[in-house]
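> Here you go, sequence then predicted model.
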Amino acid sequence: MNRIQKFFTQIKGLLVHRFFQVLLFIILGLFAYGLMFSNVKPERVQVELFKPAEQTIRSTKTVEDTYKTEQEKEEISKQVADVYSLKKEYAKNKVDLISSIFDSAIEVNKETDPDEDHKEDEGKEDKKEVVKTDAQKVSILKEKLTDEVNKNIEESVFLALVQADEDELKIAKDSTITAVNNVMSSRIAASDVENAKKKVVEELDYMSISGDMKKASTSLARTAIIQNVFFDKDKTEEQRRKAVESVEPIRILQGQIIVEENQLVDRDVFRQLELAGFLNTESTIYPYIGLLLFIFLTFAAFYYFFYYSISKKDNKYNQLLIFSLVFILSMATMKTVSILADLKNSNLEYIFPGAMAAMLIKILLNDKLAVAMIILLGSYGTIIFNGDTPGNLDFSMGLYIIFGGLTAIIILSRPNFKSKVLVAGLLLSLINMTFVFSLIFIMDSHYTRMEYLYYAAAAIGSGVGSAVLTMGLLPFFEAGFGILSSIKLIELANPNHPLLRRILIEAPGTYHHSVMVANLAESACEAIGSNGLLARVGSYYHDIGKTKRPHFFIENQMSEENPHDRLQPETSRDIIIAHAVDGGEMLRSHKFPKEIVDIAEQHHGTTLLKFFYHKAKKQDEATLETAYRYPGPRAIMKEVAVIGIADSVEAAVRSMKHPTPEKIEELVSFIIQDRIQDGQFDECDITMRELSIVKHSLCESLNGIFHSRIEYPELDKLGQKVKE
């Protein structure tokens, strides 16, 4: 493991330079490109016309079958009936013609028949000549009509018109106009003209006029009935155009079987294979360019997120290297599962342990990078799990990966599951199974009971597999990168840990003090957004060095005799200062994480042992202050700074006889201010605002701990009497 850690340390050293960072991203991009290359590579098949196909061929893309679409359009166009339009003006024209004929006849009869007006004017010179013969009347009537009309009307009709009186003509006119209008208002095709004429005759049969006049009216009506419906070319073409436009393009769908194994390849199948691109001899580079652009965009987005969302204190280069390794491992696993799924021709892809990556990054790094990882894997999963069908994207699989990963992150964020990866995996299995069934039901897929069980088993295998792989890989990453995960911290917090048992047995006072400091430090760290769990565990072990000489520390002195009263200040100083150095050595010998070792060595920083310094100063004025300071180093992590404050505050408050909220607040303020003025936080990025929050948290916790003594002073008096 030391070799591995050294190797990774060397790589991290290189990543400080921007050139190697870019090189790493290029390597990751090329790795992803290589894995997804076969998923976008256009497929070529060997088929011969009028010979059986050697394999079942599915279309790799959706493409329009223009030949069949045109055939369908032609068929639809032929089915559109010719449009015949009704000429409504024909009815009015014929009615006007009939009316004009009858009006002309009435006018002729008035002009040619003698009446009272004529008798009164018979002596005048300009008296009109009275025409008395029917032939003359017919001639005058014809003059009033057009040649075209005269040509179509029989002589007998003219004769009947000039012989009838005015009343009879008016009756005939009204009846004929009504009959003609009724018949001509309906649609009359060329083939229906004779039937229409019969209909108009039937309507005129009931006229109460003389036989000659009725015959004349019937003849005029029959002449007026003509075809009024004609083929409308423009409207017919418009209807056919609309019908053709409504035809949906016939497509060869992505994944559609074009030809099955051993099926004869006829001309239609051959044409479809050509349309789908299986017979193209020319290669296309567009799928490869598309994949390259897709990878570039996703990595560019991640690069921006990584370098502008992760603060410097989070050790970017360490995180980038871990992220890269988990990405490579996950992508390789994804490709392996997809190949196996294609070989088995099954939905084995649902067993892919995608949540493993999210779990590892969540535990080793943080939530932000875990979410980024799972989105990246889900995006690439849509391509890798496309069944090597170029152009196809399996979005359901992409959703499955992303949903499973996000669920794992949420589960591990719960306090009850932080150290229970396997339990989290079991819960994830149930959620995965539910999600798979939801996808099946949404797509309205129908499967047998065994197929449903298969899907359920794959989803459960994904969840459990993710948890098992996470547990198996965690030690490798923790050792190789010196990472202190929450699982490792919880393991170290176990009261049965040998070193904690040793503190409890050999230095019970120190053990109790450490537990109190842990409670104070954890609350304060969580209040400022730091690692509360690290603060708690670090507090448990921060005074482990006291187990070498437990009775020289006041919390372990059961009797009132203090051994330091018999020692020189220099000796006492060496014993007290040694506990920080001894603690660091003991923790290193037990392979403790660096963060815990740093807490043991740095929690006192370079503070001054004031009691022994002043004692020595009384004995020798030349005593140097630096000789009575802890060797340090000073706190670098916020957690160390908070533990140092909590350590001093807990000891000071415990020594107070009558602590009150005011006294506690004053004491905490003094200790924090003293450390600020002493420069103990100069190497730590803790802010004044955060120190104010720490102060408030410590006061709140201490008031809760010493609540009984503050609220019930009577108990103190009773205790004093018992002591007396």
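Done, it's in.
> Grab the nearest non-local neighbour of residue 179.
residue 203 (4.0 Å; C-beta to C-beta, 6 or more residues apart in numbering). Placement of C-beta: from N, CA and C, glycine included.
> What are the neighbouring residues in contact with that neighbour?
178-179, 182-183 (C-beta atoms under 8 Å, 6 or more residues apart in numbering).
> quick one: the longest helix seen in the chain to chain centroid distance?
Longest helix of the chain, by residue count under DSSP state H: helix 449-481. On the basis of C-alpha atoms, centre = their mean, to the nearest Å, helix 449-481 is displaced by 24 Å from the centre of the chain it belongs to.
> name the helices or strands packed onto it?
When contacts are defined as 3 or more C-beta pairs under 8 Å, 6 or more residues apart in numbering; DSSP states H and E, helix 449-481 packs onto helix 2-14, helix 316-344, helix 355-364, helix 395-413, helix 421-442.
> and of those helices, who's closest to residue 492?
Of all these, it is helix 355-364 that lies closest to residue 492, at 14.8 Å by C-beta to C-beta.
> Flag every buried residue along that closest one.
Neighbour-count burial for helix 355-364, with 16 or more other C-beta atoms under 10 Å as criterion, is recorded at 355-364.
> One more: stretch 145-164?
For stretch 145-164, burial by neighbour count (16+ other C-beta under 10 Å) applies to 145, 149, 153, 157-164.
> Relative to residue 482, which of those is nearest.
residue 149 (116.1 Å).
> Can you tell me what sits against the helix or strand containing that closest one?
Here residue 149 sits within helix 147-152, counting by DSSP states H and E. The contact list for helix 147-152 (C-beta under 8 Å, 6+ apart) reads 97, 101, 142, 223.
> would you list the residues you listed in JSON lines and tack on secondary structure?
Listed next are the contacts of helix 147-152 as JSON lines, based on DSSP: H, G, I helix; E, B strand; the rest coil:
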{"residue": "97", "secondary structure": "helix"}
{"residue": "101", "secondary structure": "helix"}
{"residue": "142", "secondary structure": "helix"}
{"residue": "223", "secondary structure": "helix"}
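> before we move on, back to that, can you verify the residue nearest to residue 179 is assigned to a helix?
Yes. Counting by three-state DSSP, residue 203 is part of a helix.
> Can you tell me how far it is from residue 167?
Residue 203 sits 21 Å away from residue 167, going by C-beta to C-beta, to the nearest Å.
> what does residue 669 give?
For residue 669 relative to residue 167 (C-beta to C-beta), the value is 128 Å.
> try residue 492
For residue 492, the distance to residue 167 - C-beta to C-beta - is 128 Å.
> of the two, who's got more company?
residue 492 (21 against 10; other C-beta atoms under 10 Å).
> Grab the nearest non-local neighbour of that one.
Computed as C-beta to C-beta, 6+ apart, the closest residue to residue 492 that is not its neighbour in sequence is residue 537, at 5.1 Å.
> Just the CA coordinates for the one helix or strand the one you found maps to, please, in CSV.
Using DSSP H and E, residue 537 sits in helix 532-541. Provided in CSV are the C-alpha atoms of helix 532-541 (Å, rounded to 0.1, in the frame of the first residue of the first chain):
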residue,chain,number,x,y,z
GLY,A,532,-18.5,17.4,13.1
LEU,A,533,-17.7,13.7,13.0
LEU,A,534,-14.0,14.3,12.6
ALA,A,535,-14.1,16.8,15.5
ARG,A,536,-15.8,14.2,17.7
VAL,A,537,-13.4,11.3,16.9
GLY,A,538,-10.4,13.6,17.0
SER,A,539,-11.5,14.8,20.5
TYR,A,540,-11.7,11.2,21.7
TYR,A,541,-8.0,10.7,20.9
